[in-house]
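Visitor: After the sequence you'll find the predicted model.
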Amino acid sequence: MIIAKKEYHSNGLNYIIRSAVQTDAKALSGLRVQIDGETENLDREKGEAGIDEEDFKQLIKEDSEKTRNLFLVAETDNKLLGFSRCQGTYLKRFSHKTEFGICVLKEFWGYKIGKNLLNESINWSDSNHIKKMTLNVLETNEKAISLYKSFGFEVEGVLRKDKILSDGNYYDTVIMGRLI
């Protein structure tokens, strides 16, 4: 689905949030690899499970056409800073919900980009009668957990020792959901 772009201003940074378009595909492919290498909060290590330009083009096309999907990007001065995605399913028993994921370049943490991507996704979700949004978050990502809770997400479960990080230790994944 496509939404109208919105402008934001935070800590001296001006940026927009808009729906992803085909011409974003190449930048998204590189952005995803870069962000994966900047934090262990995500599922992948840098370079794992890459999505190339053509794959992103297909993903953007599908998400633009499907009413249960939303692919957003944050951009300033023609540079992508992050993106988020809501992915629904068309199985009848799960058609009421969508899964949310988000990532932002580390140098742009603190500019409310993640918060605004989440807010836009929630607004879209609510206006499209999606009854539930779900997400997974690493237990150590306390800022994200706090942000999600402030938007009405609740902890629904924990996958114990779900991920192994570079320190060799296992960490839990927190499953959160937001119901309308």
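Guide: Perfect, thanks for sending it.

Visitor: tell me the secondary structure for Ser64?
Guide: helix (DSSP: H, G, I helix; E, B strand; the rest coil).

Visitor: What is the neighbour count of the nearest residue to it once chain neighbours are set aside?
Guide: Distance criterion CB to CB, 6 or more residues apart in numbering; nearest residue to Ser64, sequence neighbours excluded, is Ile2 at 5.6 Å. Any C-beta I mention is one placed from the backbone N, CA and C, and that applies to glycine too. Using other CB atoms under 10 Å, Ile2 has 14 other residues around it.

Visitor: Go ahead and confirm Ile2 touches Ser19.
Guide: Yes: judged on CB atoms under 8 Å, Ile2 makes contact with Ser19 at a distance of 4.5 Å.

Visitor: what sits in contact with each of the two?
Guide: Ser64 (CB atoms under 8 Å, 6 or more residues apart in numbering).

Visitor: Are we agreed that Leu135 is in a strand?
Guide: Yes: counting by three-state DSSP, Leu135 is part of a strand.

Visitor: For burial, what's the neighbour tally of it?
Guide: 20.

Visitor: Surely it and Phe153 touch.
Guide: Yes: with contact defined as CB under 8 Å, Leu135 and Phe153 form a contacting pair (7.0 Å).

Visitor: got any residues that touch both of these two?
Guide: In contact with both Leu135 and Phe153: Met176, Gly177, using CB under 8 Å, 6+ apart.

Visitor: residues of the worst-scoring helix or strand of the chain on mean pLDDT that come out buried?
Guide: Least confident helix or strand of the chain, by mean pLDDT, DSSP states H and E, is helix 25-38 with a mean of 92. Using 16 or more other CB atoms under 10 Å as the test for burial, helix 25-38 gives Ala25, Ala27, Leu28, Ser29, Leu31, Arg32, Ile35, Asp36.
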